Each structure stands twice: as structure tokens, then as C-alpha cells.
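Participant: predicted structure and sequence below. I'll ask about it afterward.
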Amino acid sequence: MAVTAAQVKELRQATDAPMMDCKKALTECDGNIDKAKEYLRERGVAKAAKKADRIAAEGALGIKVSDTFSSATLIEVNSETDFVAKNDGFINLIKNTVAQASIDSVTTVAELQESSYESANFSEYFTQEVARIGEKIEVRRFVTLDAGENGVVNGYVHANGRSGVIIAATCDSQKTAAAIAPFIKSLSMHAAAMKPTTLSYKDLDATYVAEETKGRIEAIKKENEELSRLGKPLKNIPTYISMGQLTDEVMAKAKTDIEEQLKSENKPEKIWDKIVPGKIERFIADNTTLDKEQAFLDQNFVMDDSKTVAQALAAEAKSAGGTAEIVEFISYELGDGLEKKVDDFAAEVAAQMS
């Protein structure tokens, strides 16, 4: 039967496939719109298979936080190019994919693809959308955090879609949990910007801390050699870099050293109690640089650097009449660990022409 322009238009609007492909599909399927859709879907599968050897290292992160802040899902969907990652169709695909990934029964990418979606499996919808967009796209990973009793979850994905964080906290009551939900998003924004690698200094491996201490001391010594040559002020060389190294004995010696210094400076002993606490704080700050860089709770909060993240959270919970504790945070960086393929465009064109 003859295929009309109206049929081609209808199929194109329904599938977003190229016009000539729509015409061919309708011709092959005797003008049956539903069969033509299936024809194009199958053709999309074939196209996707041809792209299997390409590397999808661009893309974007997506997030879905439940209306009650009881759960949040963070997802990474990769594409081949940054250009496609900004496409409205791709952005909508991420939105639908993270919503599907957030349902209770889905915990792996395989389960996500096999889960029911509209009248078929999610994989069919995903494949069809990939065919529309026209390059290799894949769900790399996702994770869901649940709040639990008296808990709260919130998160943040940066506007460029390349950094994202979700955080779970437990509180003394549901009232406190509800009150601090917006603040948990602020903490997520902090983590996305400052990129901590662990929750607390207590989680840092002792061997790693010891090796890092030696490395940092040597690096500062070499830097000071150059500063000395240039006649510039030298940097302070720390003895320690983490709170885990500041034992009771270390702190007692630090206090004694400070008091000896004050004595040598002829400071009246009656005012030492006003001076020592500030110098102790400075000693701790100078000797916990690793914590400030890598331990989330021990970093200075970007929105109020007079407090650590832990102190800022405690103050926020207290203002709500309760207490709160971060129990988990998960951060994603787009393409982390992936190696982007550098294509030889000329060779690719030659291969397609042969």
C-alpha cells in the first residue's frame, strides 16, 4: 500500500526517528503504525549493537530524592560525547532512569533493565531512547540510600551534572529529621565541592596516614629550600597530619611546650588560661591537614568556615531541638575510572566508506 505523508509524520513524532527510516518502516509494515514502531525499535537494537565497542565516558549524573526525604538515588548515565549529554532527550532519559532506579525492588543495573516499565521492560524503553539519540549510552552505576527510623536523606548534583552526593543522617526524632532536611542538601553541596574521600579521620588507615606524613614533610622541606633561596618566608613543617596521631601524650606535650614558650616570653602565669586554649586549637589545626582535605566531618564547612562539618550539623540539629549524626555519604564523579577513547576521525570515516 502507498504510505502517506501524514503516516510518516505520525511515526516520526512518535519515535523521533529520521523521516526516511519512518517511510521505510511503514512500507515494510504495510502502513501499520504499531508494527512500524516495533520495526524501528528492532533497528535501534541493531544500531546499539554496532556501537558496543565505543567508550561512553561522558554523560551526566542524576538524582531523585523522595518527597519525604526518606530515600535518595544517585545515578551515572554515560554517553560518548559531552554534546549529547546536554541534549534534552538525554536529560529526560536520565530523569526517567533515576526514577526507575529508585523503586524498592531495583538494586543493580541488571535489575533496572529487567524491571517493568509502562507496558514492557525498562530495557526496551532505554534502547528505544538510545536509538533516538544516536550514540552509545549506558547506565554505569547507581546507589540508593534509605533514611531508616528518625532518619533523613538528601543530596545534590552540580549544575554541570559531573559531581553528585547523597547523604543519610539519623536523628533523635522525626521532627528533627524533617527540620534539617534542607541543611543535609547544603552538606551535600559542600561534599560535591570539597570532595572528601572518607567520613571521619577515624576511618583513615593508620599505615596510609604514616606514609602520607613522611611524604608531606619531605615535600614541604623541598619547598622551603626554594623559598629560602628566594628569600621568602618558610612554611611550617608539621609533625603530624591527622587527629588520629594526636594522642593524649602528644597533646600533653603540646600543652607543656606552649606553657614553656609563654614562660620564656615572660607572660604572667595568671593569664595563661586565656592564651593556651587558642594555641592548642592552632596546634590541632596545623597538625590535622589530612583530615581537612579528606575527612568529611572534619573539613571546615564551606558556608561557615568557623565550624567543621560535624560542628555545623550539631548546631543545626540543636536549633531544631535535637541531635543528628551523619551515618553515610556517597559521592560520584562523572567518568571516574573510565578512560575516554581518542578517536581517529579520518580512520573512522575511511572504515565506513570501505
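Facilitator: On my side now, so go ahead.
Participant: what about the helices in the stretch 251-354 of the chain?
Facilitator: 272-286, 289-294, 309-319, 345-353 (DSSP state H, counting those that start in this stretch).
Participant: out of the ones you listed, flag the one nearest residue 250.
Facilitator: helix 272-286 (9.4 Å; C-beta to C-beta). Backbone N, C-alpha and C define where each C-beta goes, glycine included.
Participant: which residues touch the closest one?
Facilitator: Residues from elsewhere that reach helix 272-286 (C-beta atoms under 8 Å, 6 or more residues apart in numbering): 236, 238, 243, 246, 251, 254-255, 258-259, 262, 267.
Participant: can you give me the helices in the stretch 51-200 of the chain?
Facilitator: Per DSSP H, counting those that start in this stretch, the stretch 51-200 of the chain carries helices over the ranges 82-85, 88-101, 109-114, 122-133, 174-194.
Participant: make a markdown table from the helices of the stretch 251-354 of the chain and add mean neighbour count, distance to residue 159 and mean pLDDT to it.
Facilitator: Putting the helices of the stretch 251-354 of the chain into a markdown table (neighbours: other C-beta atoms under 10 Å; distance: least, C-beta to C-beta, whole Å; pLDDT from 0 to 100) gives the following:
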| stretch | mean neighbour count | distance to residue 159 | mean pLDDT |
| --- | --- | --- | --- |
| helix 272-286 | 13 | 32 | 93 |
| helix 289-294 | 20 | 24 | 95 |
| helix 309-319 | 18 | 22 | 98 |
| helix 345-353 | 9 | 30 | 45 |
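Participant: for residue 70, which of these is the nearest?
Facilitator: helix 309-319 (17.9 Å).
Participant: chain center to the longest helix along the chain, what's the gap?
Facilitator: Longest helix in the chain by number of residues, with DSSP state H as the criterion: helix 206-229. Mean-position distance between helix 206-229 and its chain equals 30 Å (C-alpha atoms, centre = their mean, to the nearest Å).
Participant: counting contacts, what elements does that helix pack onto?
Facilitator: Counting by 3 or more C-beta pairs under 8 Å, 6 or more residues apart in numbering; DSSP states H and E, the packing neighbours recorded for helix 206-229 are helix 289-294.
Participant: residues touching the helix it packs on, excluding its own?
Facilitator: With C-beta under 8 Å, 6+ apart, helix 289-294 has contacts from 196-198, 201, 204, 209, 212-213, 216, 238, 241-243, 298-300.
Participant: quick one: residue 95 and residue 62 touch, right?
Facilitator: Yes - taking C-beta atoms under 8 Å as the definition, residue 95 is a contact partner of residue 62 at 6.4 Å.
Participant: neighbour count winner among these two?
Facilitator: residue 62 (25 against 14; other C-beta atoms under 10 Å).
Participant: verify the stated contact: the more buried one with residue 77.
Facilitator: Yes - with contacts counted by C-beta under 8 Å, residue 62 reaches residue 77, the gap being 6.6 Å.
Participant: common neighbours of these two, please.
Facilitator: Common neighbours of residue 62 and residue 77 (C-beta under 8 Å, 6+ apart) are 94, 97.
Participant: so for the longest helix of the chain, mean pLDDT?
Facilitator: The average pLDDT within helix 206-229 is 93.
Participant: what would the helices of the stretch 51-200 of the chain look like in a markdown table with distance to residue 159?
Facilitator: Below are the helices of the stretch 51-200 of the chain laid out as a markdown table (distance: least, C-beta to C-beta, whole Å):
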| stretch | distance to residue 159 |
| --- | --- |
| helix 82-85 | 13 |
| helix 88-101 | 12 |
| helix 109-114 | 25 |
| helix 122-133 | 21 |
| helix 174-194 | 10 |
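Participant: now these as JSON lines including mean pLDDT and distance to residue 41?
Facilitator: Supplementary listing: these in JSON lines, determined by pLDDT from 0 to 100; distance: least, C-beta to C-beta, whole Å:
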{"stretch": "helix 82-85", "mean pLDDT": "84", "distance to residue 41": "20"}
{"stretch": "helix 88-101", "mean pLDDT": "95", "distance to residue 41": "15"}
{"stretch": "helix 109-114", "mean pLDDT": "94", "distance to residue 41": "15"}
{"stretch": "helix 122-133", "mean pLDDT": "91", "distance to residue 41": "5"}
{"stretch": "helix 174-194", "mean pLDDT": "97", "distance to residue 41": "37"}
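Participant: residue 27: which of the ones you listed is closest?
Facilitator: helix 122-133 (18.9 Å).
Participant: could you list the buried residues of that closest one?
Facilitator: Neighbour-count burial for helix 122-133 flags 122, 124-133 (criterion: 16 or more other C-beta atoms under 10 Å).
Participant: stretch 88-96 too?
Facilitator: 90, 93-94.
Participant: which residues does the longest helix of the chain contact?
Facilitator: With C-beta under 8 Å, 6+ apart, helix 206-229 has contacts from 233-238, 240-242, 244-245, 289-290.
Participant: need the max-distance pair from those residues.
Facilitator: 233 and 244 (29.4 Å).
Participant: of these two, which one has the most company?
Facilitator: Neighbour count, other C-beta under 10 Å: between residue 233 and residue 244, residue 244 has more, with 19 against 8.
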